[in-house]
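**Q** The sequence and its predicted three-dimensional model are supplied below.
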Amino acid sequence: MIHLKTFNKKQLGEFVSSGDFKKYDFLPITTHRAHSQINNPKANDDHTLLILAFDDDKLAGYLGCFPDNFLIDGKKFNYAWLSTLFISNQFRGKRIAQQLLDKAFEEYNSNIAITEFTKEAESLYNKIGVFQYIQPKVGKRYYFRTDLATIIPAKKPKTENIKPLLSLGDSVLNSFISVKNCFIQKPDFKFKILDKVDSESVDFISRFHSNRNAEELNWAIENPWVLESKSKEENYLFSSFSESFKYFWIKIYDKKNVLETCALLFVRNGHLKISYLFSESDLEKFVTFLSYFVVKNKINYLTSYQTEFNKKAESMNIFPKIHQRNMERRYMFHKGLIGNLPNSFDPDFQDGDGDCVMT
């Protein structure tokens with residue numbers, strides 16, 4: 001007999017602090033992810049953050065909810081992103097995923113959004129017929145260094161035994177690339193690289209429409225879902241540890257020492273993303289800065305859905321890329337969410353909206 005259990009902030013805190021979440025065959029959440037969810041400024045005390053499905057007393061699956069809101073006509077409109085959905089192979093075929101989803105719809109009045117879903121999950125969401133695609137974000141992925149030792153074995157596991165040879169190839173090719181990039185120097189304009197959003201930046205970004213304010217950006221920085229470690233959490237399917245994972249708050253100034261651009265970057269194992277970008281300039285300095293940042297930090301590739309940045313990087317032709325390809329990030333909204341929003345509502349998502357800034 002399948003039964004469900006929901007957890008709000010207080011209940012999730014008690015569940016994790018008691019250690020009960022570790023007694024199952026697999027983890028439904030990690031400690032640091034739970035604490036991050038509990039501290040989410042957009043989560044109310046009564047919001048459901050985690051739903052567990054049990055077959056009698058055995059954990060069969062779970063679904064994570066990530067509360068968010070839009071500011072519409074000065075009022076908060078609450079909704080949630082589906083951040084995790086997992087069903088144990090032992091319990092497949094019992095429609096547990098559907099029951100978990102139905103419970104999430106009930107808890108959030110159908111105000112549910114999804115992005116960065118796997119093909120398997122996307123097939124399920126299309127099958128149940130309650131989700132609708134909204135306008136996707138079109139972006140670019142820029143490659144700066146070769147990473148054959150990671151890419152090839154991931155796509156072709158049988159090549160794992162030649163990984164040392166691939167690493168050697170990477171070293172040789174990247175040595176040539178480093179020589180080419182040695183002409184990219186530190187920018188001659190003023191910039192700062194901080195580890196969080198400071199007071200000067202708070203005033204600056206308040207001038208822009210954004211789905212996240214400075215407090216919420218600092219929450220993401222200070223409460224990561226992924227911790228830097230060479231360890232792996234084998235019993236948790238989703239992101240929890242990474243060899244490198246770091247946020248950077250960037251500030252760029254004009255000739256009069258006036259702040260003109262702020263951005264939140266994060267790098268995970270050589271993969272750079274521009275989660276948030278706020279600028280009163282034409283982004284020429286930001287492209288110049290990022291070219292330097294990429295070389296200095298040995299970035300392998302950048303994924304950017306920042307349309308204006310991508311256009312500027314293309315027009316300036318100074319970005320140290322060796323290859324690029326088009327990307328698309330798709331979003332699905334529950335039809336109930338679409339019906340509850342104003343006609344022609346534009347969510348105006350930045351790259352970090354949803355749970356994308358966390359992973």
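**A** Arrived safely.
**Q** What's the separation between residue 162 and residue 211?
**A** As judged by CB to CB, to the nearest Å, residue 162 and residue 211 stand 45 Å apart. C-beta coordinates here come from the backbone N, C-alpha and C atoms, glycine included.
**Q** do the same with residue 224
**A** Taking CB to CB, one finds residue 224 at 19 Å from residue 211.
**Q** where are the low-confidence patches of the stretch 1-150 of the chain?
**A** Within the stretch 1-150 of the chain, the ranges that satisfy pLDDT under 70 run 148.
**Q** for the stretch 1-150 of the chain, what spans make up the helices?
**A** 9-17, 31-39, 96-107, 119-128, 148-155 (DSSP state H, counting those that start in this stretch).
**Q** Quick one, which of the ones you listed gets closest to residue 195.
**A** Of all these, it is helix 31-39 that lies closest to residue 195, at 17.0 Å by CB to CB.
**Q** got the buried residues for the closest one?
**A** 32-38 (16 or more other CB atoms under 10 Å).
**Q** So for residue 35, what's the nearest residue that isn't a sequence neighbour?
**A** residue 223 (6.6 Å; CB to CB, 6 or more residues apart in numbering).
**Q** out of the buried residues of helix 31-39, who's nearest residue 352?
**A** residue 36 (14.4 Å).
**Q** So for the closest one, what's the nearest residue that isn't a sequence neighbour?
**A** Nearest non-adjacent residue to residue 36 (CB to CB, 6+ apart): residue 223, at 3.8 Å.
**Q** hmm, back to that, which residues touch the residue nearest to residue 35?
**A** Residues near residue 223 by CB atoms under 8 Å, 6 or more residues apart in numbering: 32, 35-36, 39-40.
**Q** CA-only coordinates of stretch 17-24 in CSV, if you can.
**A** This file holds the C-alpha atoms of stretch 17-24, laid out as CSV (Å, rounded to 0.1, in the frame of the first residue of the first chain):
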residue,chain,number,x,y,z
SER,A,17,18.7,16.4,12.4
SER,A,18,17.3,13.1,13.8
GLY,A,19,19.3,11.1,11.2
ASP,A,20,16.1,9.2,10.1
PHE,A,21,16.7,10.2,6.4
LYS,A,22,19.8,7.9,6.4
LYS,A,23,18.0,4.7,7.4
TYR,A,24,16.6,3.9,4.0
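**Q** now that stretch: how far from the chain's centre is it?
**A** With CA atoms, centre = their mean, to the nearest Å as the basis, stretch 17-24 stands 26 Å off its chain's centre.
**Q** Just the pLDDT at the spatially closest residue to residue 230 that is not a sequence neighbour, thanks.
**A** Excluding its sequence neighbours, the residue lying closest to residue 230 (CB to CB, 6+ apart) is residue 243, at 5.7 Å. pLDDT recorded at residue 243 is 93.
**Q** wouldn't residue 243 be in contact with residue 226 here?
**A** No. Residue 243 is beyond contact range of residue 226, at 10.4 Å (criterion: CB atoms under 8 Å).
**Q** For the two, work out which one has more neighbours and name it.
**A** Taking other CB atoms under 10 Å, residue 243 and residue 226 do not tie; residue 226 has more neighbours (20 against 11).
**Q** Just list the residues touching the more buried one, thanks.
**A** 239-242, 245, 268, 358-359.
**Q** could the residues you listed go into CSV alongside neighbour count?
**A** Listed next are the contacts of residue 226 as CSV, based on neighbours: other CB atoms under 10 Å:
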residue, neighbour count
239, 19
240, 22
241, 16
242, 20
245, 19
268, 16
358, 20
359, 19
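**Q** Among those, which pair sits farthest apart?
**A** 241 and 358 (13.5 Å).
**Q** and residue 200, that's in a strand?
**A** No. Judged by DSSP: H, G, I helix; E, B strand; the rest coil, residue 200 forms no part of a strand; its state is helix.
**Q** Next, residue 212: phi, psi?
**A** phi -140, psi 130 (degrees, to the nearest 10).
**Q** surely it meets residue 276?
**A** Yes. In terms of CB under 8 Å, residue 212 counts as a neighbour of residue 276; the distance is 6.9 Å.
**Q** So for the two, which residues contact both of them?
**A** Common neighbours of residue 212 and residue 276 (CB under 8 Å, 6+ apart) are 350, 352, 357.
**Q** Next, the contact list for the second one, please.
**A** Residue 352 makes contact with 212, 220, 264, 273, 275-276 under the criterion CB under 8 Å, 6+ apart.
**Q** How much space separates residue 111 from residue 79?
**A** When residue 111 is compared with residue 79 (using CB to CB), they lie 4 Å apart.
**Q** which residues touch residue 71?
**A** Here residue 71 is in contact with 77, 211 (criterion: CB under 8 Å, 6+ apart).
**Q** Any idea what it is bridged to?
**A** Beta bridges link residue 71 to residue 76, judged by DSSP bridges.
**Q** One more: residue 246?
**A** residue 267.
**Q** What is the burial count for residue 324?
**A** 18.
**Q** got it, and residue 316?
**A** Residue 316, neighbours per other CB under 10 Å, totals 13.
**Q** secondary structure class for the spatially closest residue to it that is not a sequence neighbour?
**A** Distance criterion CB to CB, 6+ apart; nearest residue to residue 316, sequence neighbours excluded, is residue 287 at 5.3 Å. Classification of residue 287 using three-state DSSP returns helix.
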